[in-house]
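Trainee: output the structure for:
(2 chains)
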Amino acid sequence: MSVSEKVSLSDALSNVDVLDELTLPDEQPCIEAAPCSILYQANFDTNFEDRNGFVTGIAKYIEEATVHANLNELLEEGNAHAVMLYTWRCCSRAIPQPRSNEQPDRVHIYERTVQVLAPEVDKLLQFMYFQRKAIERFCGEVRRLCHAEKRRDFVSEAYLLTLGKFVNMFAVLDELKNMKSSVKNDYSTYRRAAQFLKVMSDSQSLQESQNLSMFLATQNKIRDTVKDALEKINGYEDLLADVVNICVHMFETKMYLTPSEKHMLVKVMGFGLFLMDSEVCNINRLDQKKKIRLDRIDRIFKNLEVVPLFGDMQIAPFNYIKRSKHYDPSKWPLSSSPTPLSPQADLMVHLPQIREEHQNYISELARYSNEVTTTFKEAGSDAENKAVTELCLRGLQLLSSWCSVLTELCSWKLLHPTDHASNPRCPPDAEEYERATRYNYTSEEKFAMIEVIAMIKGLQVLMARMETVFADAARRGVFAELQDFVQLALREPLRKAIKNKKDLIRSIIVSVRETCGDWARGCEPQQDPALRGKKDGEASFTIKVPRRNVGPSSTQLYMVRTQLEALISDKSGGRRTLRKDLDAGTLTQIEMFHRQSFYWSYLLNLSDSLAKCCDLSQLWYREFYLEMTMGRKVNKCMVRHQHNEECNDLVTMEKRIQFPIEMSMPWILTDHILRTKEPAMMEYVLYPLDLYNDSAQYALTVFRKQFLYDEVEAEVNLCFDQFVYKLSEQVYAHYKQLAASMLLDKRYRAECAARGASTGAGAGRYASLLRQRHVALLGRHVDLCALVAQRINSDMHRALDAAVAKFEAGDITGVVELEGLISVNRLCHKLLSRYLTLDDFDAILRESDHGVLAPYGRITLHVFWELNFDFLPNYCYNAATDRFVKCRGIQFGVGVSREKPQQYGHALLWGSKQLSLAYSAQYAQYSGFVGAQHLHALVRLLGYQGVAVVVSELLDVARGLLHGTIAQFTRALAAAMPRHCKLPRYDYGSNGVLGYYHAQLTDIVQYPDARTELFHAFRELGNIILFCMLIEQALSQEEVTDLLHAAPFQNILPRPFAAEGEKLESKQKRLEAKYAALQIVQNVDKYGTAKQGQLSREGDLLTRERLCCGLSLFSVVLRRLRGCLSAPQWPAPPTHTDDTNEFHRLWSALQFLYCIPVGETQFTVEELFGEGLHWAGCTIIALLGQQRRFEALDFCYHILRVQRVDGKDEMVKDIPLKRMVDRIRRFQVLNSQIFGVLARHLAADEERAGVEHVRCFPPPSAPQHAMN
Amino acid sequence: MSTPPRETIQKQIQQDWANREYIEVITGSIKKITDFLNSFDMSCRSRLATLNEKLTSLERKIDYLEACKCQPGIQTQDMKIMEGTKPVEL
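Mentor: Numbering: from 1, shown residues only, chains lettered A, B, ... in the order given. From the prediction side, this is the model:
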């Protein structure tokens, strides 16, 4: 569209309407206060600038409007001065003071001081002038209104209220001036410097300076000046009584909207009464004359003991009364007694009602907003508009009332700080502000506050969303009501006034009609019979009242309301009131209109009213307390212990310039949720943080102070870091607990719960928090989700790191627990991945295992380390249980020293203390032995590559043993063997045979190192062989499980049972059809892209072919070992049957040795070395191909054979023959088993006779494939 | 200054109503545009955050894969044991 092209208004408007139809999805749940990047507020308040346009109005009120305009300007100026005082921070403390009069640079210092402070001092001077002017103006107004002539004249509500606002302003300014000692200090610093430099030369400025310092130094100066000035005015107390009465009336009928207006009314009552009570006037007597009602005020003061004065300053309005001259406690029965506590102090009293109001209101709003969003209407009917307007007003009033409950509670708490006696948690040395905030709220109160804040902010969001609808309805509704009233309702009174010649009433009504009438034809219809005082005739006269989308201007509204008020007022300058001339119906109509139209200004200014009703910014401001603490040094106890009065650990901290976040209300509330981890409150956690937004907004727009904003910002930075840190820690711990308790056996968990150890994770409502992608904080938008994800990612890394480190600190049996820890982490990762984008779990695992940059990781290394240093030398195998156990009692080799286990938080391991206990009890069952569970866990953790590394390293160890220790011993023992050792004849009897061998082998039997070093070396070798065999078994079982799991997806179905007469093939077909949806390759081919199809086919092939090669790890191990058993360490000796230089002869000797039964107290070889010993021996024999010879020629076997025949049992050389034979028999069985296993693995190799080839199993296939 | 006739004033006031209505309509529309911009902002932020997250995750994956690639001899450091069992080509 070119720039020059004209767009008509209706086009432009419809363009705007079209914007609504664009869908702008925002996937995050709304659990924070209204975020707005752009704030648009139109302000049409003209402050009576347009008053001259309404010349038809009654002149008196136009004049009054002029006065109002001036007074409003003064009020605004007063507010600016109050802000100046409140936000004043001490400058002089930062300015260096000359230490002595001789200091050379003191002139320079003074010059600089004057230069720096002059603009500030100028503000103070302006402030002094202003208060003079304001007091003068105020007293002038009072004097004018109290003039004998006008005494009984009608004074409008708006006028009285403005005077009330003045009273309030004086009270605020006076208190602020009293409180700020830094202002006085700064001024005296300036004065000293200025006097030294003689800046103020002329007498006038000297005088002014003197005045200013007197003004600043005198306490209650403004208050006293006002009082003195007022007392000089005759009859001022009547006017003030009117002001107080209108405040009481407005307070009681809830004619206010924002909390600050409400509090203003109360302050005016207190300060007004204080001003009235003087030498000449006694408020008690006024009460008697019914001019004021002290009992009503008493009730108000009791209900609202403390009101906010400015920022964090508060005031008890009743204190004004107490300080007044004629204070009589009997007149104030409620306020003067300390009991019962004001309802203001207890939030819990209000909470149920607030909850109910909130629930009712939002359901009504929801119903209406659904209606609005689903139907499109140009404009509703009058009744609809009125209903919506009322709904809107009610919402504003609710928000305001909740806000005031909250601010009043905080004010009360600030004025009633706790102490060590009433709250033991509060240390005796706690700071003033700390006592007023941090320790001053109970847990329930904090939760209640959070809830109320959440309700306020939540409803604010809902109302802000509908703001345009509300504003539209309000404008239309107000317009309709105003015009109907003016054009129709006022017709009848006007007719009567004309008819009865009531000129005053007539002129007022006419003036009202002319001020704001929007006539259909542009002007009042002249033919209206009412204008001539006549009733409507037969031909009924109708007036068509137009409709518009606009409300009256602020001046118009003021004029209408004030003029109508004049009609119904019961005060009118001494003469009879106008009320008497109006009939009752008209009076109620006007009164009703007057009451309702009070709220119109708020409704027409909706966005501003809404913001003001929800403003909780003052919960953060603490200038008053800072002022009190500023100069003081803060004592702090740095030791964690129960504090008492004689605490010696106090450290004096630096002077306070700002309070720590622990004393700051927004953070106290946020932290309370995080600390208690209350799931019901978790979703509210962003609302208290929004208080910072309020405060920052206030600092920028009302206080207009950069430094305050900076302080808020600094605190937010700190708090938000803490918040994210704590939140992510909690989220991680929660999901870890959840995962851990999900993996725990159900019955075991029930058992734990029965014993009082709760292993459940509890409810955690983090889901919606974890979906927050733009949290608005001080105009920034923070991606909370990403921040938490980042932290949790690193937690994941640390947790896996901890799991591996825990494994590294223990022995090989810890591998089961390691697997458990990893699976808990995996589940936790899976649960969290629903909300957060985390790194791939396997990648994290490999990284923590240090397996990314190295070929094998920490786990593999530690497994090997443990195998080598602990498992091989210390464990004994037992085939009966299929386990390795540690030999009790004797320790071969040096003890194993491991790294000391590091301490990890529960969150990093199992989630919580209870879960840790439950799991450690469970995994304790796996310690002390190495069995199938451990091997399976090992296989799963190490994978092919890790197993390969471990096994190859073990083979190196085996080679070392075979070439080193074992070879040496073999040679040494072979030398000790008799050269020939025959099989004696049966004739000698078994005892003879035993005796023969014993004599022959005596050198071996007595060889000292045989039982220790040699057997130990054989055991290590045997353990290696056993480990390799068992690990292969475990590996194969895992593979088979995998394949079976994969089978249904690869169209490999178990053969169905076919009864007789049934066709197997058709059954098979049916099954295949049934599971067709599961078959990956076919489905991907059908629905996926070509690339996906290829990938799936490759994956399928990999899975299918996995077992097909039939590679046997153990065969390879055996072949490698055979490779080691060659020259030069293992020379092949020439063989002769009776020669003893072959290995099997040596082994026979050793077997003879260990078959000799031992005494009761001695360890048997089984106990000491387990079956590894036999495995080593048999393997070497089998690999050397000496198995047959061994079996034929073995000494022990021969004894056994002979004994079988003769069945003798006697002691031969202290050896019980029968027991020995029993042992031999047992070992024979064992040996033959071992040979059997070995033979199975070696058989294939033997056949191939050196040519390596692979056993090929056909891949498991489905019948379908077979047919193809 | 003489007061203008009544009708003129009434006409002026009516004109004022009309003018103010016009202003209100424009203001209301600006408000609507503001609301739109705010929700547009929120929606964009949400989508950009999602995108950002995806990119970050991809970047991390690339980092990881690069590190994997740099590993010295992952392809050669293999299963020492298995090599003996590879089918011998005849």
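
Trainee: name the spans of the chain whose pLDDT lies under the cut-off.
Mentor: No chain was given, so I picked chain A. Judged against pLDDT under 70, the low-scoring parts of chain A cover residues A:1-4, A:376-379, A:538-540, A:571-577, A:630-656, A:889-895, A:1106-1111, A:1127, A:1133-1139, A:1244-1268.

Trainee: switch to chain B, that's the one I care about
Mentor: B:1-4, B:71-90.

Trainee: longest helix of it?
Mentor: helix B:6-70 (DSSP state H).

Trainee: what helices and strands are in contact with that one?
Mentor: Packed against helix B:6-70 by the contact rule (3 or more CB pairs under 8 Å, 6 or more residues apart in numbering or on different chains; DSSP states H and E) you find helix A:9-19, helix A:467-484, helix A:503-516, helix A:784-808, helix A:841-848. From N, CA and C alone the C-beta is placed, and that goes for glycine too.

Trainee: which strands and helices lie in contact with the helix or strand following the second one?
Mentor: Scanning the chain past helix A:467-484 towards its C-terminal end, the next helix or strand to appear is helix A:491-499 (assignment: DSSP states H and E). Using 3+ CB pairs under 8 Å, 6+ apart as the contact criterion, the secondary-structure elements in contact with helix A:491-499 are helix A:503-516.

Trainee: and the helix or strand just after the helix it packs on, how far out from the chain's middle?
Mentor: Along the chain past helix A:503-516, the next helix or strand (assigned with DSSP H and E) turns out to be helix A:554-568. Centroid separation for helix A:554-568 versus its chain: 53 Å, with CA atoms, centre = their mean, to the nearest Å.

Trainee: just the helices from the stretch 1151-1268 of chain A, written as ranges.
Mentor: Here the stretch 1151-1268 of chain A has its helices, by DSSP state H, counting those that start in this stretch, at A:1165-1169, A:1172-1184, A:1187-1193, A:1195-1206, A:1217-1248, A:1263-1267.

Trainee: the third one: which residues count as buried?
Mentor: Going back to what we said before, that points to helix A:1187-1193. By 16 or more other CB atoms under 10 Å in any protein chain shown, the buried positions in helix A:1187-1193 come out as A:1187, A:1189-1190, A:1193.

Trainee: now the closest residue to A:Ser507 other than its chain neighbours. Its backbone dihedrals?
Mentor: Across the structure, with CB to CB, 6 or more residues apart in numbering or on different chains as the measure, the residue nearest A:Ser507 apart from its sequence neighbours is A:Ile58 (7.1 Å). Dihedral angles of A:Ile58 (phi, psi; degrees, to the nearest 10) stand at phi -70, psi 130.

Trainee: same deal with A:Met466?
Mentor: The phi and psi values for A:Met466, taken as degrees, to the nearest 10, are phi -100, psi 10.

Trainee: please identify which helix or strand holds the closest residue to it other than its chain neighbours.
Mentor: Ranked by CB to CB, 6+ apart and with sequence neighbours excluded, the top spatial neighbour of A:Met466 is A:Ser369, at 5.7 Å. Secondary structure assignment for A:Ser369, by DSSP H and E: helix A:347-374.

Trainee: quick check: angle from that helix to helix A:467-484?
Mentor: Per axes from the mean of the first three to the mean of the last three CA atoms, to 10 degrees, the angle that helix A:347-374 makes with helix A:467-484 is 90 degrees.

Trainee: how far off centre is helix A:347-374?
Mentor: Here helix A:347-374 is found 26 Å from its chain centre; the criterion is CA atoms, centre = their mean.

Trainee: list the buried residues of that helix.
Mentor: Going by 16+ other CB under 10 Å, helix A:347-374 has these buried residues: A:347, A:350-351, A:354, A:357-358, A:361-362, A:365, A:368-369, A:372.

Trainee: check stretch A:1190-1204 too.
Mentor: Applying a neighbour-count criterion of 16+ other CB under 10 Å, the buried positions in stretch A:1190-1204 are A:1190, A:1193-1203.

Trainee: and for stretch A:985-994?
Mentor: Along stretch A:985-994, the positions that meet the burial threshold by neighbour count (16+ other CB under 10 Å) are A:989-994.

Trainee: give me the residues contacting it.
Mentor: Taking contacts as CB atoms under 8 Å, 6 or more residues apart in numbering or on different chains, the residues outside stretch A:985-994 that touch it are A:984, A:996, A:1198-1199, A:1202-1203, A:1205-1206, A:1208, A:1210, A:1212-1213, A:1215, A:1217, A:1220-1221.

Trainee: try stretch A:750-768
Mentor: Counting by CB under 8 Å, 6+ apart, the neighbours of stretch A:750-768 from elsewhere in the structure are A:28-29, A:31, A:677, A:679-680, A:682-683, A:727, A:730-731, A:734-735, A:737-738, A:740-741, A:744, A:749, A:835, A:911-912, A:914-915, A:917-918.

Trainee: for that stretch, output the C-alpha coordinates as PDB.
Mentor: Taking Å, rounded to 0.1, in the frame of the first residue of the first chain, the C-alpha atoms of stretch A:750-768 are listed here in PDB:
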ATOM      1  CA  ALA A 750       5.000 -51.400  50.700                       C
ATOM      2  CA  GLU A 751       7.200 -53.100  53.300                       C
ATOM      3  CA  CYS A 752       9.400 -50.000  53.600                       C
ATOM      4  CA  ALA A 753       6.300 -47.800  54.000                       C
ATOM      5  CA  ALA A 754       5.000 -50.100  56.700                       C
ATOM      6  CA  ARG A 755       8.300 -49.600  58.600                       C
ATOM      7  CA  GLY A 756       7.900 -45.900  58.400                       C
ATOM      8  CA  ALA A 757      10.400 -45.200  55.600                       C
ATOM      9  CA  SER A 758       8.500 -43.400  52.900                       C
ATOM     10  CA  THR A 759      10.000 -44.200  49.500                       C
ATOM     11  CA  GLY A 760       7.500 -42.400  47.500                       C
ATOM     12  CA  ALA A 761       8.300 -39.200  45.700                       C
ATOM     13  CA  GLY A 762       5.300 -37.100  46.800                       C
ATOM     14  CA  ALA A 763       3.400 -34.900  44.600                       C
ATOM     15  CA  GLY A 764       5.500 -32.400  42.700                       C
ATOM     16  CA  ARG A 765       3.700 -29.900  40.400                       C
ATOM     17  CA  TYR A 766       6.600 -28.700  38.400                       C
ATOM     18  CA  ALA A 767       5.100 -29.500  35.000                       C
ATOM     19  CA  SER A 768       3.700 -26.000  34.300                       C
END
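
Trainee: which of the residues in the helix ranked longest in chain A are buried?
Mentor: In chain A, taking DSSP H as the definition, the longest helix is helix A:106-145. For helix A:106-145, burial by neighbour count (16+ other CB under 10 Å) applies to A:106, A:109-110, A:113-114, A:116-117, A:120-121, A:124-125, A:127-128, A:130-131, A:134-135, A:138-139, A:141-143, A:145.
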